[in-house]
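Asks: Mind looking at a prediction? Sequence and model below.
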Amino acid sequence: MKVLLIGGGGREDAIGRKIVEGGATLYCVAKNLNPSLSKISNEYKVMSELDYDKILKYATEKKVDLLFVGPDPVLETPLVDMAEKSGIRVSSPSREASKIETSKEYMRGFVERNGIKGNIFSRVFTDGVEASKFITSSQMEFAVKPIGLTGGKGVKVMGSQISTREEASRYAAEIVSRDGRVLLEEKISGEEFSLQVFSDGSTISPMPLAQDYKRALEGDKGVNTGGMGSITDSDHKLPFITAGCRDSALGIMKSIVNHMKLERNPFKGIMYGQFMQVNGEPKIIEINARFADPEGINVLFLLEDNLPDTLFRIAESSLSNSSRFMHLATTLKYIVPSGYGENAQPGQLDIDLSGLPENLQIYYASVSGTKEKVKMTSSRALAMISRSDSIESASKAVEDNLWRIKGNFYVRHDIGSPEFMREKLRRSSH
């Protein structure tokens, strides 16, 4: 089977390796030459990931059997719809179904009109003055969000990235002047977690719960980033998320997929829900239409099923309702340029791959060069991940192998550490 993968980041490196491991022939289109993906691809094309006409022409020329999209911006293009019309199987959602991620306004409206649990107060403004008045006159605190895709970096929350109501008002007005509309959501507090599922439009198959860490600095401080690291546990749950909360979140995902089918907008692909546990119940932060990054890497590193077969079954609407994953914990830490998130100072990294342990892997993200020597950009460079009996021991395994990376870089050492996990458990018990 020939599979065409779109995207060249760390997440796509993990997807590509599982595609090849599953016995399929990999073709890849990406805006960058990924040192790892380019080695395992039968053919690798560097071109704009948004040039859907060129990509479709390439897919047709190569007679690919299946197309899979990694990055979210591609889902806003007509690529998936055009590929399906051309007779190519696709295991990513249509442009219309992808609106569950690409338009936060659509997602909130969909959840509300279908009476799906987990929704929170939200309101869209098309007038910056009105948005500012609402913020300054309200007793509520808000998350101020652009409507569309932000790469995890456009959302600002009062009390975190925003200090005052005046600052929140200015930011809301700035978004309206730029985008024409802004979304205000009530600020909620609790433990966030990610639940990813495979979906064929009717059946869903869940993956292990994960938690990612967006803040740039240790102790969850600093600016929001695309994600500095992530964890999963050996029981496929998380120690600070109740079993009831996890089950309710899965129920919400099932309900979303069911109602999308009822609205004749079936969702086929990877859906990932970002939730917050509030008083033991899941509240919806976001619903996304692809593997998370980095949490997608965690679950793929544990996946025992054949990924090409699973993707084929998604495209053919014949998915099983359960998937097999190793019963091990994982900890992933992203290696990034110094100053990442604010004033990145990208340089070069040397990577020692000799004697790499079986349960440890390095995935290549926004870098160029070879697998042993890469040049960084201002984005995330390498994802180092380990699987072990516990989150803490997986974290230690990553720390014990950081010597393999030489150069000027930054990594959050605290993710998955015993102290970090103890503090999380302490907070969740109050």
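Replies: Perfect, thanks for sending it.
Asks: Quick one: residues contacting residue 333.
Replies: Shown in contact with residue 333 (Cβ atoms under 8 Å, 6 or more residues apart in numbering): 228, 229, 383, 384, 385, 395, 398, 411, 412, 413, 415, 416. Placement of C-beta: from N, CA and C, glycine included.
Asks: Could I get the full set of helices for the stretch 201-350 of the chain?
Replies: With helices called from DSSP state H, counting those that start in this stretch, the stretch 201-350 of the chain shows them at 243-262, 295-302, 307-315.
Asks: Buried ones among the contacts of residue 333?
Replies: Using 16 or more other Cβ atoms under 10 Å as the burial test, the contacts of residue 333 include 228, 229, 383, 384, 385, 395, 398, 411, 412, 415, 416 as buried.
Asks: Let me know how buried residue 342 is, in neighbour terms.
Replies: 9 (other Cβ atoms under 10 Å).
Asks: correct me, but it touches residue 217?
Replies: No: under the criterion of Cβ atoms under 8 Å, residue 342 makes no contact with residue 217, lying 10.2 Å away.
Asks: just to revisit the earlier point, between the buried ones among the contacts of residue 333, which is nearest residue 174?
Replies: Nearest to residue 174 out of the buried ones among the contacts of residue 333 is residue 228 (Cβ to Cβ; 25.8 Å).
Asks: Can you give me every residue that contacts that closest one?
Replies: Residue 228 neighbours (Cβ under 8 Å, 6+ apart): 212, 213, 214, 215, 216, 333, 334, 336, 411, 412, 415.
Asks: Could you give me the buried positions within stretch 104-119?
Replies: Buried-residue list, stretch 104-119, by 16+ other Cβ under 10 Å: 104, 105, 106, 107, 108, 110, 111, 116, 118, 119.
Asks: I'd like to know which of the helices of the stretch 201-350 of the chain is closest to residue 127.
Replies: Taking the helices of the stretch 201-350 of the chain one by one with Cβ to Cβ, helix 243-262 is closest: 30.3 Å.
Asks: Tell me which residues are up against the closest one.
Replies: Residues contacting helix 243-262 (Cβ under 8 Å, 6+ apart): 97, 100, 110-111, 114, 116-118, 193, 195, 197, 199, 201-202, 204, 206, 209, 237-238, 266-267, 271, 273, 275, 277, 280-282, 284, 287.
Asks: Now the buried members of these.
Replies: Listed as buried from the contacts of helix 243-262 are 97, 100, 110-111, 116, 118, 193, 195, 197, 199, 201, 204, 206, 209, 237-238, 266-267, 271, 273, 275, 277, 281-282, 284, 287; burial here means 16+ other Cβ under 10 Å.
Asks: Where does residue 423 sit: helix, strand or coil?
Replies: When classified by DSSP: H, G, I helix; E, B strand; the rest coil, residue 423 comes out as helix.
Asks: tell me how far the ends of stretch 394-410 are from each other?
Replies: 19 Å (Cα to Cα, to the nearest Å).
Asks: What residues sit buried inside it?
Replies: Neighbour-count burial for stretch 394-410 [16+ other Cβ under 10 Å]: 394, 395, 396, 397, 398, 399, 401, 404, 405, 407, 409, 410.
Asks: Poorly predicted segments of the stretch 1-150 of the chain, please.
Replies: 150 (pLDDT under 70).
Asks: ok, which stretches of it are strands?
Replies: 2-6, 25-30, 43-46, 66-69, 89-90, 122-125, 142-145 (DSSP state E, counting those that start in this stretch).
Asks: Could you give the bridge partners of the spatially closest residue to residue 206 that is not a sequence neighbour?
Replies: The spatially closest residue to residue 206, leaving aside those adjacent along the chain, is residue 197, at 5.0 Å (Cβ to Cβ, 6 or more residues apart in numbering). With DSSP bridges as the criterion, residue 197 is bridged to residue 206, residue 271.
Asks: List the contacts of residue 197.
Replies: Per Cβ under 8 Å, 6+ apart, neighbours of residue 197: 204, 205, 206, 207, 250, 253, 257, 270, 271, 272, 273.
Asks: For those residues, give me JSON lines that also has distance to residue 11.
Replies: Below are the contacts of residue 197 laid out as JSON lines (distance: Cβ to Cβ, whole Å):
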{"residue": "204", "distance to residue 11": "20"}
{"residue": "205", "distance to residue 11": "19"}
{"residue": "206", "distance to residue 11": "19"}
{"residue": "207", "distance to residue 11": "14"}
{"residue": "250", "distance to residue 11": "22"}
{"residue": "253", "distance to residue 11": "20"}
{"residue": "257", "distance to residue 11": "22"}
{"residue": "270", "distance to residue 11": "10"}
{"residue": "271", "distance to residue 11": "15"}
{"residue": "272", "distance to residue 11": "11"}
{"residue": "273", "distance to residue 11": "17"}
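Asks: if we take those, which one ends up nearest to residue 29?
Replies: residue 270 (18.4 Å).
Asks: Could you count how many residues lie near that closest one?
Replies: 27.
Asks: wait, doesn't it sit right on residue 290?
Replies: Yes: applying Cβ under 8 Å, one finds residue 270 in contact with residue 290, separated by 5.4 Å.
Asks: what residues are shared contacts of those two?
Replies: 92, 296.
Asks: tell me the pLDDT at residue 153?
Replies: Looking at residue 153, its pLDDT reads 64.
Asks: Give me the phi and psi angles of residue 203.
Replies: phi -100, psi 140 (degrees, to the nearest 10).
Asks: and it, how far is that from residue 319?
Replies: 5 Å (Cβ to Cβ, to the nearest Å).
Asks: Residue 117 too?
Replies: Counting by Cβ to Cβ, the gap from residue 117 to residue 319 is 24 Å.
Asks: again with residue 415
Replies: 32 Å.
Asks: Specify which residues of the stretch 301-430 of the chain, grouped into ranges, have pLDDT under the cut-off.
Replies: The low-confidence ranges in the stretch 301-430 of the chain, as defined by pLDDT under 70, are 430.
Asks: Show me the strands in it, by range?
Replies: 329-337, 348-351, 360-364, 367-369, 373-376, 382-388, 405-407, 409-410.
Asks: outside of the fourth one, which residues touch it?
Replies: Strand 367-369 has contacts (Cβ under 8 Å, 6+ apart) with 32, 33, 34, 35, 348, 349, 374, 375, 376, 377, 381, 382.
Asks: Contact partners for the first one?
Replies: Residue 32 is in contact with 8, 46, 366, 368, counting by Cβ under 8 Å, 6+ apart.
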